[in-house]
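Trainee: structure, please.
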Amino acid sequence: GPINGVEIFDSGTQGGTSWSGNIHSSAGKNNNPSSKPLSIMLTTDGSSEWFVEFSDTRVGIIKAEDGQRSVVGLLESGQTMTISNWRDTGLALVVFVTIVEAQSNSTGSSAILYATVVITFGPEPDVWNDEHAESSPMPTSIPTPIPTPIPSPSPTHEPTHEPTHKPTDKPTHKPTLQPTHKPTPSPTKACGNSVCEAGETPDTCPHDCFVETFSLSGGMDAYSGCQVFTIQSQKDITVYGFHVIGNSDGNTNGLVFTRPGLYHDVLSNHNAWDIIFNKEVSVQKYAHTDIGALNKHVPIRALSRQSFYICLRNGMVYEMGQHHNTREQGNDSLWIEEGLATSGPFRTATAIAKFRGAIKYFVN
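Mentor: So this is what the prediction gives:
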């Protein structure tokens, strides 16, 4: 059983091992007569120590090294975290929180929180589900943002009637009016008037539509395959692209999905999202990478919300968050909320994440 509330799980190095049970809140460590596990210590082969602990309704994955403890992941009920290449085996350690419960203690005077956790050690799960990305095909070409004007009738270059063989005393038809030399009136919405109007984009009218870049500042203490977050617009804006910060160097597949409003009930439902980017991206580790223009620009009306699901197959970094769907950073045009990290497209959330990168947009 646990010693001082700490239970040890040795996964071994061959795979196929697991641990499951309840981890009780560390708040009850001074009142734990049954010696229930308050922490699971994960056996490693290195100098660092790893723990799985439960506190404040969430399960934390803790890494301790050189006397310093850092939170690697925070999981709520139904969430999973994968630690790749555990103990340098090429296999993965997966921590899954199945449920968070509250129960009365023996005296009935207070509630003791606990979490049911399953830890498995085995082959790396397939975190990149490409079939979802292909289920919503991208358009073959970007539609023209401005409709093509209807051409005005051109005057014919040849007479409409064959001339008679014998000249007549009177013309058979009245002469046509001479064409006017005045130009046709200019449209009311035109590129060059210093206003980015509906139908104009930085591609079609760079004179009027300026791309602005809002970079998010902060730390980079974790990484994941995907990050999901919501933008609150303060003005009528159009999202044009993103910068991402990769976890490794080299070429990798990038995906971007979007949907109006929030995403809580549809995080794993690929049918609820529109794919707007699916290309190879050349990434420099821990540096901003501009993924380029989206295949489809995303307009957001003032005081509205739009959610985005951004993925890099080789992983992207983020800063651990604490308050899901609360405003994190912004300016007078938009605000970005704290979101979630997932191991791959449309998979279970693994942590609350602060997106670290940049939003490219223009104001309409």
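Trainee: show me the shaky parts of the protein.
Mentor: Counting by pLDDT under 70, the chain has low-confidence residues at 1-3, 26-35, 78, 102-112, 124-189.
Trainee: all helices for the chain, in order.
Mentor: Secondary structure of the chain (DSSP state H): helices at 130-135.
Trainee: tell me the centre residue of it?
Mentor: Closest residue to the average C-alpha location of the chain: Tyr309 at 2.6 Å, with CA atoms, centre = their mean.
Trainee: what's that one in contact with, if anything?
Mentor: Cys226, Gln227, Val228, Leu255, Val256, Phe257, Thr258, Tyr263, Trp273, Pro345, Phe346 (CB atoms under 8 Å, 6 or more residues apart in numbering). To be clear about C-beta, it is placed using only N, CA and C from the backbone, and glycine gets the same treatment.
Trainee: bridging residues for the nearest residue to it once chain neighbours are set aside?
Mentor: Of all residues not flanking Tyr309 in the chain, Phe257 sits nearest, at 4.0 Å (CB to CB, 6 or more residues apart in numbering). Phe257 has these beta-bridge partners by DSSP bridges: Ile275, Tyr309.
Trainee: what's the neighbour count on Phe257?
Mentor: Phe257 has 25 neighbouring residues, counting by other CB atoms under 10 Å.
Trainee: so who does Ala272 touch?
Mentor: Per CB under 8 Å, 6+ apart, neighbours of Ala272: Arg259, Tyr263, Val266.
Trainee: check which residues of stretch 276-285 are buried.
Mentor: Of the residues in stretch 276-285, Ile276, Phe277, Asn278, Val281, Val283 count as buried by neighbour count, 16 or more other CB atoms under 10 Å.
Trainee: put the alpha carbons of it into PDB.
Mentor: What follows is stretch 276-285, C-alpha atoms only, in PDB (Å, rounded to 0.1, in the frame of the first residue of the first chain):
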ATOM      1  CA  ILE A 276      -9.500  26.100 -43.800                       C
ATOM      2  CA  PHE A 277      -5.800  25.100 -44.100                       C
ATOM      3  CA  ASN A 278      -4.100  21.800 -44.800                       C
ATOM      4  CA  LYS A 279      -0.500  22.300 -46.000                       C
ATOM      5  CA  GLU A 280       3.100  21.400 -45.300                       C
ATOM      6  CA  VAL A 281       4.700  24.000 -43.100                       C
ATOM      7  CA  SER A 282       8.500  24.500 -42.600                       C
ATOM      8  CA  VAL A 283       9.000  25.100 -38.900                       C
ATOM      9  CA  GLN A 284      11.900  26.400 -36.900                       C
ATOM     10  CA  LYS A 285      12.000  25.100 -33.300                       C
END
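Trainee: identify the residues contacting that stretch?
Mentor: By CB under 8 Å, 6+ apart, stretch 276-285 touches 133, 138, 244, 246-258, 289, 291-292, 294-296, 298, 312, 314.
Trainee: among those residues, which ones are in strands?
Mentor: Members of these lying in strands (criterion: DSSP state E): 244, 250-258, 289, 291-292, 294-296, 298, 312, 314.
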